[in-house]
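> coords below, sequence missing:
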Ligand code: TXA
Ligand code: MG
């Protein structure tokens, strides 16, 4: 999409257009009570891949999935008592809960960056809620800024950063909180604060008791490598062809017919969208090595290679 994003008012027609864009697999920017989000249908692997591409993230960092309410959240995760308590006290609002992904959840793999967990948030903002209701989808959305830049709290910030690549920006004025949501990991025995944000740690601790310390949080934080999905089979990167006994993960037109191909057209967005599912498919019992054909080291290719190298280095 080479055209600049359309600026939409948050009225009936504007919301309908933005919801339609989401359903059509396009990216939109929209306000929440914390910061503006760069949203995609969380069940659309290619749309989620495009989020990583236009943010220019050099690695796959998992995204927050925005849902209408706790019942909607439960479609995607395995809920627990801490989640229930926190949802009752702070939901909807600036709190994102990391929980185990539900098996068979209709959710992109990339949204979790290949992890078996998912971060869920119920935004407390009328426009975000209206988009969730009208689109009927869960919305994967990081903050709507290029990687490394500060988070946007006004529509104009988003328009300056993204001259192309997103269908529209819903203008909801300034964000009420102006700071990202608090991210809490509820997958372990005690909640871990992964990112301080709109709901204070002190308020959370009144309900949960002490949150696990920052060091534990560092170990669990994504991007560190150790928690990410790694194949049981060895990986051999930049392979020209599979050797005897190896499974081949192809890329581009030069891959042999019949090989599982991340993208026969050499489309890097398609490759990112297929990456985690294909790795899992090839990582079958009995497969010792997965040979991976070279992926170009540019744009989203850097994030794909980063993930492949981490998996390779674990072995
Ligand atoms: O307020 C917010 O949270 C905004 C608005 C748009 O909702 N979103 C936002 O997203 O700040 P983002 O992608 O910029 O930050 C998401 C944070 C990252 O630090 C990411 O590592 C963490 O949440 N996160 C997401 N999924 C996770 C998971 N499954 N496990 C651990 N951390 C996760
Ligand atoms: Mg961010």
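Perfect, thanks for sending it. Keep in mind that what you see is a predicted model, and the values were worked out from it rather than measured. Ligands and ions are numbered 1, 2, ... in the order given.

> in stretch 2-17, which residues are buried?
In terms of neighbour count (16 or more other CB atoms under 10 Å), stretch 2-17 has its buried residues at 5, 8, 10, 14, 15, 17. In short, each C-beta sits where N, CA and C put it, glycine included.

> what's the first-to-last distance across that stretch?
18 Å (CA to CA, to the nearest Å).

> I'd like the numbering to begin with 663 instead of 1 from here.
Taking 663 as the first residue, the last one we looked at is stretch 664-679.

> contact partners of it?
680, 691, 693, 788-789, 792-793, 796, 817, 820-821, 824-826, 828-834 (CB atoms under 8 Å, 6 or more residues apart in numbering).

> quick one on the thing from earlier: as a markdown table, the buried residues of stretch 664-679 with secondary structure and distance to residue 751 would be great.
Conversion of the buried residues of stretch 664-679 to a markdown table gives the following (DSSP: H, G, I helix; E, B strand; the rest coil; distance: CB to CB, whole Å):
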| residue | secondary structure | distance to residue 751 |
| --- | --- | --- |
| 667 | coil | 36 |
| 670 | strand | 34 |
| 672 | coil | 28 |
| 676 | helix | 33 |
| 677 | helix | 29 |
| 679 | helix | 35 |
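
> which of those residues lies closest to residue 772?
Distance to residue 772 across the buried residues of stretch 664-679 (CB to CB) is lowest for residue 667, with 22.1 Å.

> any idea how far the closest one is from residue 932?
Distance, residue 667 to residue 932, using CB to CB, to the nearest Å: 23 Å.

> and the gap between the nearest residue to residue 858 once chain neighbours are set aside and residue 828?
Nearest residue to residue 858, sequence neighbours excluded (CB to CB, 6 or more residues apart in numbering): residue 844, at 6.1 Å. Residue 844 sits 26 Å away from residue 828, going by CB to CB.

> enumerate the residues of the stretch 813-962 of the chain near ligand 1.
842, 843, 845, 847, 856, 857, 884 (CB under 6 Å from any ligand atom).

> retrieve the pLDDT associated with the residue lying farthest from the centre of the chain.
The outermost residue of the chain relative to its centre, with distances by CA atoms, centre = their mean, is residue 906 at 36.1 Å. Note on residue 906: pLDDT of 90.

> got any ranges where this structure has weak pLDDT?
663, 875-891, 976-977 (pLDDT under 70).

> now the helices for it?
674-685, 707-717, 732-736, 743-752, 788-797, 817-823, 863-870, 876-882, 930-944, 962-975 (DSSP state H).

> tabulate those in a markdown table, adding columns for distance to residue 950.
Shown next, in a markdown table, are these (distance: least, CB to CB, whole Å):
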| stretch | distance to residue 950 |
| --- | --- |
| helix 674-685 | 42 |
| helix 707-717 | 28 |
| helix 732-736 | 39 |
| helix 743-752 | 39 |
| helix 788-797 | 44 |
| helix 817-823 | 45 |
| helix 863-870 | 44 |
| helix 876-882 | 30 |
| helix 930-944 | 11 |
| helix 962-975 | 14 |
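
> thank you, goodbye.
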